[in-house]
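Participant: After the sequence you'll find the predicted model.
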Amino acid sequence: MEYRQFGRSGLKVPVLSLGTGTFGGSNEFFQRWGQTDVAEASRMVDLCLDAGVNFFDTADVYSQGASEEILGQALKGKRDRALISTKATFPTGEGPNEKGSSRYHLVRACEASLKRLGTDHIDVYFMHGFDALTPVDETLRALDDLVRAGKIGYIGASNFSGWQLMKALGTSERYGLARYVAYQGYYSLVGRHYEWELMPLGLDQGVALMVWSPLGWGRLTGKIRRGANASGRIAAGGAEGGPPVADEALFRIVDVLDAVAAETGRKPAQVALNWLLSRPTVANIVVGARNEEQLTQNLGAVGWTLDPAQIARLDAASQETPIYPYWHQKGFDERNPKPTTW
């Protein structure tokens, strides 16, 4: 297993982590992701640890806390071998203060996550989204206090826009508060918008990327092709909440993905994940799995590399015209270079 620096921190993380959104399945929405129970979760955790994948990602809203509880039980007796990241901000109840990134909510959310996970510390604590109603310095001071108390190791942001992340980093620098070392965001061959603003910011500010939904809501698993009926997560309605992808754009990417998979003797999903590992700022990819078979396949995405020509073909197939002002900046790229081929 390869390990990479986690942004501007001293922490090393494996390039793959196990996403536990499939643990629990306590309501209709999360049932589409999976319904992994404690017994299977324990086997999957053991598989990960044996492969060097010691990083596990969850959130307080996944299956209304059941994901954290199942992960905590699966890690009993193994906590010292593992890194855990979880998230707060989204609603956990009906009260007006049971959501957001206020000090009031974050302190209580952190304590609740610690209890469900059965641990005394969280290695990486992400803000699941940006809270525009809470002053940025209030959020960061609360997180800084939790770091100083030993309840959190590092902090990260998820689903922020570029200006929101930069404002937070500037606030941390100004007041000497804990800073976001990582950004957890959506990035895949069918969704490359991260490259336009957030990737250059990450390179400039030392913020690592932890990728979520690297297979584009299951579109890049090899189960969707021209002329074939969709199966798996997409067929079960698992793309709900994700951005639409035009069929022709998807098939153009899948055609090249299949060709490269045949050349390398790998599965299409493994090729899609390996492509991500070649991209700037990517420190970790969160892989999900409904069962041990899917997990084993995802673990096969590491230990080998695509060649430059294969990467270039995948780049070309997945390219799309940037929105303004990025298409305009492209005309002055000798003084305003981008980290990828757009």
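Facilitator: That came through, no problem. Numbers count the residues shown, from 1 in each chain.

Participant: which residue is nearest the middle of the protein?
Facilitator: By C-alpha atoms, centre = their mean, the mean C-alpha position of the chain lies nearest to Trp212, the distance being 2.7 Å.

Participant: give me every residue that touches that one.
Facilitator: In this structure, Trp212 makes contact with 19, 158, 184-186, 286, judged by C-beta atoms under 8 Å, 6 or more residues apart in numbering. C-beta here means a position set from N, CA and C on the backbone, and glycine is covered the same way.

Participant: and it, bridged to which residues?
Facilitator: Going by DSSP bridges, Trp212 is paired in beta bridges with Tyr186.

Participant: one step back: which single one of the contacts of Trp212 is nearest to Asp46?
Facilitator: Gly19 (16.7 Å; C-beta to C-beta).

Participant: in the stretch 151-300 of the chain, which spans are strands?
Facilitator: With strands called from DSSP state E, counting those that start in this stretch, the stretch 151-300 of the chain shows them at 152-158, 180-186, 208-212, 282-287.

Participant: Not counting residues beside it along the chain, what's closest to Pro243?
Facilitator: Leaving out its chain neighbours, the residue that sits closest to Pro243 by C-beta to C-beta, 6 or more residues apart in numbering is Gly191, at 6.4 Å.

Participant: Can you report how many residues neighbour that neighbour?
Facilitator: 20 (other C-beta atoms under 10 Å).

Participant: Kindly report the same for the one 3 residues further on.
Facilitator: The burial count assigned to Tyr194 is 21, neighbours taken as other C-beta under 10 Å.

Participant: so where is the stretch 201-342 of the chain shaky, pLDDT-wise?
Facilitator: Confidence mapping of the stretch 201-342 of the chain against pLDDT under 70 gives the ranges 229-240, 341-342.

Participant: ok, which stretches of it are helices?
Facilitator: Read by DSSP state H, counting those that start in this stretch, the stretch 201-342 of the chain holds these helices, from start to end of the chain: 247-264, 268-277, 292-299, 308-318, 326-329.

Participant: Now do the buried residues in the last one.
Facilitator: For helix 326-329, the buried set under the neighbour-count rule, 16 or more other C-beta atoms under 10 Å, comprises 326, 329.

Participant: contacting residues around stretch 194-211?
Facilitator: Contacts of stretch 194-211 (C-beta under 8 Å, 6+ apart): 4-8, 17, 57, 85, 156, 161-162, 165-166, 169, 180-188, 276, 279-286, 322-323, 326, 338-340, 342.

Participant: And the buried ones among those residues, selectable in PyMOL?
Facilitator: Applying 16+ other C-beta under 10 Å to these, the buried members can be selected in PyMOL as follows:
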select buried, resi 6+7+17+57+85+156+162+165+166+169+180+181+182+183+184+185+186+187+188+276+279+281+282+283+284+285+286+322+326+338+342
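
Participant: which residues touch Phe160?
Facilitator: For Phe160, the residues meeting the contact criterion (C-beta under 8 Å, 6+ apart) are 127, 129-130, 168, 183.

Participant: same thing but at 10 Å, please
Facilitator: When the contact criterion is C-beta atoms under 10 Å, 6 or more residues apart in numbering, the partners of Phe160 are 127, 129-130, 166-168, 180, 183-185, 198, 201.

Participant: Could you do Asn298 as well?
Facilitator: For Asn298, the contacting residues are 16, 18, 53, 214-215, 221, 267, 269-270, 273, 285, 287-289, taking C-beta under 10 Å, 6+ apart as the criterion.

Participant: same thing but at 6 Å, please
Facilitator: Residues counted as contacts of Asn298 (C-beta atoms under 6 Å, 6 or more residues apart in numbering) are Val287.

Participant: Spell out the residue ranges of the helices in the stretch 1-150 of the chain.
Facilitator: For the stretch 1-150 of the chain, the helices identified by DSSP H, counting those that start in this stretch occupy 28-31, 38-50, 66-74, 103-117, 136-148, in order along the chain.
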